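just need the structure, nothing else, for what follows:
(chains A and B)
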Amino acid sequence: MKKNGKWIFILVLLVAAVAVIPWFLSGFDIPGSDDAAGKAVAAIDPDYKPWAKNIIEFSGKNTETLLFCLQAGIGAGILGTGFGYLILRKKNRKGSD
Amino acid sequence: MTAVQRRILIASIVLLYVFGFADNAYAMHIMEGYLPLSHSVVWSAVCIPFLAIGIMSIRKTIENNRKTLLILVMAGAFSFVLSALKLPSVTGSSSHATGTGLGTILFGPAAMCVIGIIVLLFQALLLAHGGLTTLGANTFSMAIAGPMAAYGIYALCKKLGVRKSAGVFLAACIGDLVTYCITAFQLALAHPAETGGFLTSFEEFLGIFAFTQTPLAIIEGILTVIVVKGLEAYAKPELTALGYMEEGK
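Prediction:
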């Protein structure tokens, strides 16, 4: 298990590296790729008008950020609880053996 | 807390910091209203049989072993987290992962279709990300085509005797990439260029998505391996019941 832990640590660092490096390269100014797709649609097909809108529209950029964090938070909470349960279960089994 | 646990904690805080400050621009799914009505209807119709098979497949898995429900919920949560995390990418744009690889490897591609729809509905209704009119098309790319590709790769790696973690990595990584190629395909089909038609459009959209997505696909692969390793260590009975691990191994 100890070996596994070390591996996981290295992998997490690797993820962080892949995530951060492009951020620095692009000078912290990051448009979304869906935005790019929307612009491409407008360039290829200038007559096309999006015919539906999202049910809710956000006034500020921060609202959206907050909601995305919420989604990540809910997911991470469930994942954490699941792992917590599994880890404790294994511990208890070892104790009763 | 052991030293290993402490290291994992620190690393996860670093990750959170990175993700938390990434710029939140729209990414990935086809936006609401960007597909003509006929396309929306067709893509939705294509998804229905897959959804039905998925529900049956999940029911059967749960009936066989109720305990696997916990793992199913965790696989769903994993997809939830990954599709919410937006990462900056090399081309100077941000996009996000799909997180469908984990559920696919453990439960099969059909089950992932159901989980994927739930995630997409949540994003379309509450996050104004993706949309209801494009739900069918987005479901096809993220919850059907991606998982099927991932499953194929995983099965192939197993047959060739590739190391399990390498197989998991490749499956999640390629499943993610396939999702975006399908998205580009769908957009090109709906918006062929005036000169050059479908192919020119396809190249254009593929250029936008594919380059943005490559580093993300790698991240998705690594994160999936981490979670699978964790489950291997702590959820042996469930993984055995799912057929992922062999008895007595």
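
so where's chain B shaky on pLDDT?
Scanning chain B for pLDDT under 70 picks out B:1-28, B:86-95, B:247-249.

helix/strand/coil for the residue in chain B sticking out farthest from the centre?
Taking C-alpha atoms, centre = their mean, the residue of chain B most remote from its mean C-alpha position is residue B:195, at 33.7 Å. What DSSP: H, G, I helix; E, B strand; the rest coil gives for residue B:195 is coil.

dihedrals phi and psi, it?
phi -110, psi 120 (degrees, to the nearest 10).

ok, now the one 3 residues further on?
The phi and psi torsions at residue B:198 (degrees, to the nearest 10) take the values phi -60, psi -50.

surely it touches residue B:187?
No - contact criterion C-beta atoms under 8 Å: residue B:198 and residue B:187 do not qualify, at 10.6 Å. (Glycine included, C-beta is placed from N, CA and C.)

who's more crowded, the two?
Of the pair residue B:198 and residue B:187, residue B:187 is the one with more neighbours under other C-beta atoms under 10 Å in any protein chain shown, namely 28 against 14.

so which strand or helix has the more buried one?
helix B:164-190 (DSSP states H and E).

which strands and helices sit next to that helix?
Using 3 or more C-beta pairs under 8 Å, 6 or more residues apart in numbering or on different chains; DSSP states H and E as the contact test, the elements touching helix B:164-190 are helix A:33-44, helix B:37-64, helix B:101-107, helix B:135-139, helix B:146-160, helix B:197-234.

mind listing what's buried along it?
By neighbour count with 16 or more other C-beta atoms under 10 Å in any protein chain shown, helix B:164-190 contains the buried residues B:164-165, B:167-190.

how far away from the center of its chain is that helix?
8 Å (C-alpha atoms, centre = their mean, to the nearest Å).

and the angle for that helix with helix B:37-64?
Relative orientation of helix B:164-190 versus helix B:37-64 (axes from the mean of the first three to the mean of the last three C-alpha atoms, to 10 degrees): 150 degrees.

skip ahead from the helix or strand of chain A at the bottom of the mean pLDDT ranking and say which helix or strand is next.
For chain A, the helix or strand with the lowest mean confidence is helix A:33-44, at a mean of 64 (criterion: mean pLDDT, DSSP states H and E). Sequence-wise, the next helix or strand downstream of helix A:33-44 (DSSP H and E) is helix A:61-96.

these two touch, right, residue B:113 and residue B:143?
Yes - taking C-beta under 8 Å as the definition, residue B:113 is a contact partner of residue B:143 at 4.7 Å.

overlap in contacts, these two.
B:47, B:50 (C-beta atoms under 8 Å, 6 or more residues apart in numbering or on different chains).

got the domain ranges for chain A?
For chain A, automatic domain parsing gives the domain ranges A:1-52, A:59-97.

lowest average pLDDT across these?
Of all the domains of chain A, domain A:1-52 carries the lowest average pLDDT, namely a mean of 66.

kindly export the helix or strand where residue B:79 lies (C-alpha atoms) in CSV.
Assigned by DSSP H and E, residue B:79 falls within helix B:68-84. Extracted in CSV, the C-alpha atoms of helix B:68-84 (Å, rounded to 0.1, in the frame of the first residue of the first chain):
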residue,chain,number,x,y,z
THR,B,68,-22.0,-2.4,-6.3
LEU,B,69,-24.5,0.5,-6.0
LEU,B,70,-21.9,2.4,-3.9
ILE,B,71,-19.3,2.0,-6.7
LEU,B,72,-21.9,3.1,-9.3
VAL,B,73,-22.6,6.2,-7.3
MET,B,74,-18.9,6.9,-7.0
ALA,B,75,-18.4,6.5,-10.7
GLY,B,76,-21.2,9.0,-11.3
ALA,B,77,-19.6,11.4,-8.8
PHE,B,78,-16.3,11.0,-10.5
SER,B,79,-17.9,12.0,-13.8
PHE,B,80,-19.6,14.9,-12.0
VAL,B,81,-16.3,16.3,-10.7
LEU,B,82,-14.3,15.9,-13.8
SER,B,83,-16.9,17.5,-16.1
ALA,B,84,-17.0,20.4,-13.7
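
between helix B:37-64 and that helix, find me the angle.
150 degrees.

would you mark the buried spots in helix B:68-84?
Residues B:68, B:70-72, B:74-84 are the ones in helix B:68-84 that count as buried (16+ other C-beta under 10 Å).

tell me the one of those nearest residue B:240?
residue B:68 (10.1 Å; C-beta to C-beta).

isn't that closest one up against residue B:61?
Yes - with contact defined as C-beta under 8 Å, residue B:68 counts as touching residue B:61 (5.7 Å).

what sits in contact with each of these two?
residue B:242.

which residues does the closest residue to residue A:68 other than its chain neighbours contact?
Closest residue to residue A:68 apart from its sequence neighbours, by C-beta to C-beta, 6 or more residues apart in numbering or on different chains: residue B:84 at 5.1 Å. With contact taken as C-beta under 8 Å, 6+ apart, residue B:84 is in contact with A:68-69, A:71-72, A:75, B:96.

can you do 10 Å?
A:67-76, B:19, B:96-97, B:99, B:119, B:122-123, B:127, B:129 (C-beta atoms under 10 Å, 6 or more residues apart in numbering or on different chains).

swap in residue B:244?
Neighbours of residue B:244 in contact, by C-beta under 10 Å, 6+ apart: B:71, B:105-107, B:164, B:168, B:228, B:231-232, B:235-236, B:238.

residue B:59 too?
Residue B:59 neighbours (C-beta under 10 Å, 6+ apart): residue B:111.
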